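Novice: Next comes the sequence, and after it the predicted model I'd like to discuss.
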Amino acid sequence: MDTILTIGSHSSLQILHGAKKEGFKSIQITPENRVKFYSQFPFIDKVIGYNNEDEAVNLINNYVENGILIPHGSLVEYIGSERVKKIKTKIFGNRNLFEWEANQKKKMSLLKMSNIPTPMDFENPEDVDRMVIVKLPGAKGGKGYFIARNKAEVKEGLKKLVSTKIIDNEEDVIIQEYVIGVPMYFQFFYSPIMDRLEITGIDIRYETNVDGLKRIPFTDLEVEPTFVVVGNLPAVARESLLPKVFDYAMSFVNTVKEKVPPGMIGPFCLESVVKDSGEISVFEFSGRIVAGTNLYIYGSPYSWLYWDEPMSVGRRISREIKIAINEGKLNEVLT
Ligand code: ATP
């Protein structure tokens with residue numbers, strides 16, 4: 001295995017940059033209209049365009065002998081979950097987690113089984129007794145999410161989503177208590193080879209228009225906040241928060257090992273709100289590299305503490321593969 005490939009979007013630049021730094025061949029498989037963009041980067045050995053998703057799967061499968069596909073947040077979005085099952089080339093990480101991630105309720109159950117504090121959720125709009133956020137299935141960058149102050153607003157919002165065909169039925173959403181605090185996305189890497197959990201960085205998502213609304217002094221504007229992610233801002237946490245979130249992450253790793261074999265491999269993220277009491281409420285997780293790691297191509301304030309060299313998460317992935325190859329344990333990091 002000497003080739004790292006990924007799909008041209010999300011965090012592909014740091015993944016391939018890291019692959020090259022660790023001595024692998026780097027292949028970008030990307031929608032045809034992005035070939036020119038990606039071709040300008042000298043660390044990408046080959047950029048291959050595709051015109052449709054089936055073609056993308058075939059291109060990935062051409063590397064079944066010597067390639068490793070690095071999944072990221074756009075893989076399932078771009079290729080579709082059914083087609084992803086047809087990928088025969090080995091994937092770095094646990095591909096069994098995709099199915100858990102695609103279902104909001106299953107996803108939250110993994111956090112709960114880990115005894116991580118999560119926002120309260122409501123099965124039935126009728127039970128809503130506080131401010132909530134209503135979330136749609138799949139990682140769509142927060143598109144279509146809405147905040148409601150009471151059950152009447154939840155019902156009204158759900159009707160709108162169904163009538164505009166954004167969702168097929170009302171059961172597809174999750175209704176979660178809206179936690180007041182500040183968002184922090186804690187990024188981790190679990191190494192099954194070193195049996196080590198590393199905190200690799202923290203980010204905050206920059207979302208339009210909710211973050212833009214803060215700039216406007218009027219409070220009576222008739223503008224709905226929306227949560228479409230357009231970028232990420234760096235953050236470090238008060239050091240006293242770190243042991244707590246580290247415990248949560250370790251507990252999550254243990255749960256995934258038990259419930260979703262072969263367990264957590266590589267990067268993941270606990271998407272959280274930190275309350276003024278210091279309590280951390282985790283409202284979601286990502287079981288693979290998150291785009292917020294793009295902030296730290298040269299390493300984060302935390303990655304330096306483990307490696308003392310520039311270590312992006314993209315590079316960390318290739319480093320794990322390299323260590324696994326050297327120790328004859330490659331099958332422990334691939335599925
Ligand atoms: P995806 O990762 O699925 O593309 P996303 O992660 O951007 O979407 P979320 O992070 O779940 O979507 O939520 C979007 C926004 O709503 C974020 O700003 C997040 O901080 C906020 N948010 C989500 N859940 C809660 C909650 N229970 N309480 C308060 N804020 C929340």
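Specialist: Received the coordinates, thanks.

Novice: So Met194 sits against Ile323, correct?
Specialist: Yes. Here Met194 lies in contact with Ile323, judged by C-beta atoms under 8 Å, at a distance of 7.3 Å. For glycine as for every other residue, the C-beta is placed from the backbone atoms N, C-alpha and C.

Novice: where does Ile29 land in three-state SS?
Specialist: Here Ile29 is strand, with the state taken from DSSP: H, G, I helix; E, B strand; the rest coil.

Novice: right, and it touches Thr3 too?
Specialist: No. Counting by C-beta under 8 Å, Ile29 sits too far from Thr3 to count as a contact (11.5 Å).

Novice: Can I get the least confident helix or strand in the chain by mean pLDDT in CSV? Just the C-alpha atoms.
Specialist: Lowest mean confidence among the helices and strands of the chain (mean pLDDT, DSSP states H and E): helix 73-79, at a mean of 88. Only the C-alpha atoms of helix 73-79 are listed here, as CSV (Å, rounded to 0.1, in the frame of the first residue of the first chain):
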residue,chain,number,x,y,z
GLY,A,73,-17.3,14.7,5.7
SER,A,74,-18.0,15.1,2.0
LEU,A,75,-17.5,11.4,1.0
VAL,A,76,-21.0,10.2,1.8
GLU,A,77,-22.5,13.5,0.8
TYR,A,78,-20.9,13.5,-2.7
ILE,A,79,-21.0,9.7,-3.4
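
Novice: For it, which helices and strands make contact with it?
Specialist: If you count contacts as 3 or more C-beta pairs under 8 Å, 6 or more residues apart in numbering; DSSP states H and E, helix 73-79 packs onto strand 3-7, helix 53-61, helix 97-102.

Novice: when you compare where the longest one runs with where strand 3-7 runs, what's the angle?
Specialist: Orientation of helix 53-61 against strand 3-7 (axes from the mean of the first three to the mean of the last three C-alpha atoms, to 10 degrees) gives an angle of 170 degrees.

Novice: For Thr255, give its distance to the ligand.
Specialist: 20 Å (C-beta to the nearest ligand atom, to the nearest Å).

Novice: wait, I meant Glu222
Specialist: In terms of C-beta to the nearest ligand atom, Glu222 sits 20 Å off from the ligand.

Novice: who does the lengthiest strand in the chain pair up with?
Specialist: Using DSSP state E, we find that the single longest strand of the chain is strand 196-209. According to DSSP bridges, strand 196-209 forms sheet pairs with strand 182-191 (antiparallel), strand 227-234 (antiparallel).

Novice: one step back: look at Ile29 and Thr3 and report which has more neighbours.
Specialist: A direct count of neighbours by other C-beta atoms under 10 Å for Ile29 and Thr3 places Ile29 higher, at 26 against 18.

Novice: so Glu198 makes contact with Leu242?
Specialist: No. Using C-beta under 8 Å, Glu198 is not in contact with Leu242; the gap is 11.9 Å.
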